[in-house]
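**Q** kindly return the folded structure for what I paste below:
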Amino acid sequence: MKVADKLAGISRRDLFRLSSRYGLTSTLFAAAAFTGTLTLADLARAAESTYKKRLAKKARHTLKFGAAGFNARNLLVERAGALQFALDLEERTDGEIRVEFIGDNQICGQLSCVKKAQQGIIDIYAASTQNSAGGAPYLNVLDYAYMFPSRAAQYHFFYHPGSQRILRDPLEKRHGIKFLFTHAELRGIQLGLKWKNAPTVTRLEELFGTKNRVTGTQLGRIAMQLLNLNPVPIAWEETLDALKQGLIDGAETWASAVAYANMSPVVAQSVDLRFFCGTEHTAMRAKVFDSLEGSLQDAVMESAYLTQVHVQAANEASLVKTVGYSEPQLPGTIFEENGVRPAFLAEEEIRKAEQMCSPEFNPDPWAAWRERLDKWAGGIDTYAEIHRIAREIPVDTKPENVEPRRWWKASEA
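**A** This is a model prediction of the structure:
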């Protein structure tokens, strides 16, 4: 299917009209479950059927899911799995749990979703770990520079039982958030239109001195400062305008984020710097999870596992077939249609950046945060432990070939 996705022929007005009749969640679920191109009549029938099915019995628990700026359209670009998780959880529990999905920044945005979950305004949220680090600082533990050598290494860690001990348990204990699943990409620099007629970036030095948007992650700012990338804090929702107006040279984010957020028309080059995590995660308020009966807790975890497997395969395919983050690019992809050039740096350039800014080669700038995170983790050497797990698999492992594991059940032995 071309970039014009299966909802392309349905206007926003029509979507709102159906949502007012059958509810936003039922309409989105119907769209997510449908294969092929949808007409308005198709969607109306599917939404009605989904609505009747979901409300056939009274739910014991209704969970409010704040999904930042996501909707059925852009979740076909960045395959973060939010709708798949909600759908599966309802079906798996036979309607015992009902999920009310609220995206499009209607109840929370990238910076506020985690805070609203902590406050009990929502029960589940989806946003990047980097933006969520403002409300849950322990999420900085994922953002040491060059801790993950590849997307495969990221998936390997999130499936690994060590992620329970190093990431999930300390996050839940300190911030009351239960980390469920995540998409995995690595951040690069997305250069604006002033780079449109410039040669494709091939050397790290070409980026020195540029001014770039940074997220809420403190560790990400350290990496950017060490790479002379002049981090400027700008909210995700304001980044497109900042690029459009030329207020910044670029933004640190990942390829599918550029594509899903309609940022491609103002981005000229997507530089594959891979310097720290880009992880669009879904998490649940721990008190809500703990309030569920044991069988429903098991269902939440199994739905999270299934969604993690789905995301691993679907986002890898989307990067090539929908986003156009490949060389050569496939015709009809978002990047190809908007003239966004991927700039894949040679391994020697990546190694140069790693030696400039990673804790392995330049430890002093990281020392204060590393000590703080290790203390929050109960004395674990967080960087060393995650760095080790990330290198348990061969460096050339393809992300889609990483073996899935139920991280909460598997043994580290």
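**Q** contacts and neighbour counts: CA atoms only from here.
**A** Fine.
**Q** phi, psi for the residue most central in space within the chain please.
**A** With distances taken as Cα atoms, centre = their mean, residue 280 lies nearest the centre of the chain, 1.5 Å away. For residue 280, the backbone dihedrals are phi -90, psi 100 (criterion: degrees, to the nearest 10).
**Q** swap in residue 168?
**A** Main-chain dihedrals, residue 168, degrees, to the nearest 10: phi -70, psi -50.
**Q** any idea which helix or strand carries the nearest residue to it once chain neighbours are set aside?
**A** In space, residue 168 comes closest to residue 179 once its chain neighbours are excluded; the distance is 5.8 Å by Cα to Cα, 6 or more residues apart in numbering. According to DSSP states H and E, residue 179 maps onto strand 177-182.
**Q** surely the residue nearest to the centre of the chain touches residue 184?
**A** Yes: between residue 280 and residue 184 a contact is recorded at 7.1 Å, counting by Cα atoms under 8 Å.
**Q** tell me where the stretch 101-250 of the chain has strands.
**A** 124-128, 177-182, 185-186, 188-192, 212-214, 231-233, 250-253 (DSSP state E, counting those that start in this stretch).
**Q** which residues are contacting the last one?
**A** With Cα atoms under 8 Å, 6 or more residues apart in numbering as the test, strand 250-253 has contacts from 186-192, 210-215, 239, 243, 267, 278.
**Q** and what of the third one?
**A** Where contact means Cα under 8 Å, 6+ apart, the residues beyond strand 185-186 that reach it are 150-151, 154, 253-254, 273-279.
**Q** hang on, the earlier thing: quick check: bridge partners of the residue nearest to the centre of the chain?
**A** residue 128 (DSSP bridges).
**Q** in contact with it: list those residues for me.
**A** Residues near residue 280 by Cα under 8 Å, 6+ apart: 80, 126-129, 182-184.
**Q** next, residue 412: secondary structure please.
**A** coil (DSSP: H, G, I helix; E, B strand; the rest coil).
**Q** for residue 64, same thing?
**A** Counting by three-state DSSP, the backbone at residue 64 sits in strand.
**Q** run a quick neighbour tally on it.
**A** Using other Cα atoms under 10 Å, residue 64 has 19 neighbouring residues.
**Q** what's the answer for residue 11, then?
**A** Residue 11 is flanked by 11 other residues according to other Cα under 10 Å.
**Q** circling back to that earlier point, surely the residue nearest to residue 168 is in contact with residue 279?
**A** No: with contacts counted by Cα under 8 Å, residue 179 stays clear of residue 279, the gap being 11.7 Å.
**Q** mind listing what's buried in stretch 388-406?
**A** By 16 or more other Cα atoms under 10 Å, the buried positions in stretch 388-406 come out as 389-391, 399-400, 402, 404-406.
**Q** hey, where'd the helices end up in the stretch 201-350 of the chain?
**A** For the stretch 201-350 of the chain, the helices defined by DSSP state H, counting those that start in this stretch cover 218-226, 236-244, 255-260, 286-291, 294-318, 334-338, 347-357.
**Q** mean confidence score for stretch 203-215?
**A** Taken as a whole, stretch 203-215 has an average pLDDT of 95.
**Q** residues in contact with it?
**A** With contact meaning Cα under 8 Å, 6+ apart, stretch 203-215 is reached by 130-131, 189, 220-221, 227-236, 239, 248-252, 345, 349-350, 352-353.
**Q** same question for stretch 289-305.
**A** Residues outside stretch 289-305 that contact it (Cα under 8 Å, 6+ apart): 85, 88-89, 92-93, 178, 180-181, 406.
**Q** what do you get if the cut-off is 10 Å, keeping everything else the same?
**A** 60-61, 81-82, 84-93, 96-97, 123-124, 159, 177-182, 282-284, 288, 306-311, 404-408 (Cα atoms under 10 Å, 6 or more residues apart in numbering).
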